[in-house]
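Asks: Sequence unavailable; structure follows:
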DNA sequence: ATGGTCGGCAACCGA
C-alpha cells in the first residue's frame, strides 16, 4: 500500500501536477494540505475521473485539507476546534481497518505572536484529539504538514534558524509529545541522514537546486503500522513539473 | 544584465 502527503498550495492551481502525479504513482492514499478551496469548489469530478474519492474540508482563501483514496472512507471527521477556532486543518477517516488522519498545523508566523501561541495550542488540541478518539495499538497513519523541523538534520541552516518559527524548542516539545503518544516518524525509520527536505521556500533563489530546504511534512504511524513500512522517499522530481508547489510529495510504502 | 515567490483575490495577507 502506497501513501503520500503533499502541501498543494492551492488544489486549483496544482490540479495538473496532482493528476499527473496520481497517474504516475497510483498511490492508495494521498493526503493534501492547503487546498485553498471552499467545499463547493473542490474538484470532485477531476479527482473522480482519476479514480479517487475525496473527503475534504475547506474555507475561503486559506488552509483546506483533503484525503484522496481509491476505496471509500467511513467514520469521516472534519474540523478540529482549538481555542474556539475551527480552521480547515483537519480531516480523518477509516479505510477498512486503517485509520487515516490528515493535519495541517498552523505555520506560526513569528515566535511570540498570537499565531505562534495558536500553533502550540493546535498541536495540543491534536494530541488531545488523538488521546480521546484513537489508540496507539490501532493501525493508524497521521500525515501532513506539521510546520516543525524536529532536529538539526531537518533543515538546511539549523544554526541560523534556532529559536525561530519552525525550529523553536516549544514547537519541538509539543510535536515530541505527539510522537510520544505512540507515533513513529516513518521517514526517519528508513533514512537517518540529513539533507532530505520536503519544502523549499519560493523566496530563496534556486532554493531547490541549492537544497536550502526543510523537512516539515511527515508520515507518522502507530507501531503496528510502522512495523509494516517497507520504503519511504521524497519525490524531488515532482518539483520539475510545471508550476510546482513549494512543497513536494513524501511517499511511504506499507505491506 | 538592468530582477529575483506564489496564490487568492482584488489590496495586501499568509506561507
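Replies: That came through, no problem. Model, not experiment: these values are computed from the prediction. Numbers count the residues shown, from 1 in each chain, chains lettered A, B, ... in the order given.
Asks: looking at it, residue A:38 is touching residue A:58, isn't it?
Replies: Yes: between residue A:38 and residue A:58 there is a contact at 5.0 Å, judged by CB atoms under 8 Å. The way it works is simple: take the backbone N, C-alpha and C, and place the C-beta from them, glycine included.
Asks: Which of those two has more residues huddled nearby?
Replies: The neighbour count for residue A:38 versus residue A:58, taken as other CB atoms under 10 Å, is higher for residue A:58 (22 against 15).
Asks: Identify the residue nearest the more buried one in space, chain neighbours excluded?
Replies: residue A:64 (3.9 Å; CB to CB, 6 or more residues apart in numbering).
Asks: Could you do residue A:63 as well?
Replies: Among residues not flanking residue A:63 along the chain, residue A:88 sits closest, at 4.4 Å (CB to CB, 6+ apart).
Asks: do you know how far the one you found is from residue A:71?
Replies: From residue A:88 across to residue A:71, the span is 24 Å (CB to CB, to the nearest Å).
Asks: So for the two, which sits in the more crowded spot?
Replies: residue A:88 (26 against 10).
Asks: And the pLDDT for that one?
Replies: In this model, residue A:88 is scored at 98, pLDDT.
Asks: Helix, strand, or coil at residue A:99?
Replies: Following DSSP: H, G, I helix; E, B strand; the rest coil, we place residue A:99 in the strand state.
Asks: again with residue A:55
Replies: Following three-state DSSP, residue A:55 is assigned to strand.
Asks: Could I get the contacting residues of it?
Replies: A:66, A:67, A:69, A:73, A:76, A:78, A:91, A:93 (CB atoms under 8 Å, 6 or more residues apart in numbering).
Asks: switch the cut-off to 10 Å
Replies: A:42, A:65-69, A:72-73, A:76-78, A:91-93, A:100, A:102 (CB atoms under 10 Å, 6 or more residues apart in numbering).
Asks: follow-up on the earlier one: ok, the residue nearest to residue A:58 touching residue A:14?
Replies: No: the pair residue A:64 and residue A:14 does not pass the contact test of CB atoms under 10 Å, sitting 11.7 Å apart.
Asks: Looking at these two now, which is surrounded by more residues?
Replies: Ranked by neighbour count (other CB under 10 Å), residue A:64 and residue A:14 place residue A:64 first, with 28 against 22.
Asks: if we can go back for a sec, the residue nearest to residue A:63 is in contact with residue A:64, isn't it?
Replies: Yes: the pair residue A:88 / residue A:64 is scored as a contact, 4.9 Å apart, by CB under 10 Å.
Asks: what touches both of the two?
Replies: Common neighbours of residue A:88 and residue A:64 (criterion: CB under 10 Å, 6+ apart): A:33, A:34, A:35, A:36, A:37, A:38, A:39, A:56, A:57, A:58, A:104.
Asks: Just the buried subset of those residues, please.
Replies: Among the shared contacts of residue A:88 and residue A:64, the ones that count as buried by 16 or more other CB atoms under 10 Å are A:33, A:34, A:35, A:36, A:37, A:56, A:57, A:58, A:104.
Asks: Give me the spatial nearest neighbour of residue A:208, chain neighbours excluded.
Replies: Counting by CB to CB, 6+ apart, residue A:208 lies nearest to residue A:200, which is 4.6 Å off, once chain neighbours are set aside.
Asks: meant to ask about residue A:28, not that
Replies: Excluding the flanking residues, the one nearest residue A:28 by CB to CB, 6+ apart is residue A:1, at 4.8 Å.
Asks: try residue A:75
Replies: residue A:94 (4.3 Å).
Asks: So the residue in the stretch 1-150 of chain A positioned nearest to DNA strand B: helix, strand or coil?
Replies: Going by CB to the nearest atom of the strand, DNA strand B is nearest to residue A:10 of the stretch 1-150 of chain A, at 3.0 Å. Secondary structure, three-state DSSP: residue A:10 is coil.
Asks: Let me know whether it touches residue A:43 as I believe.
Replies: No: the criterion here is CB under 10 Å, and residue A:10 misses it with residue A:43 at 11.2 Å.
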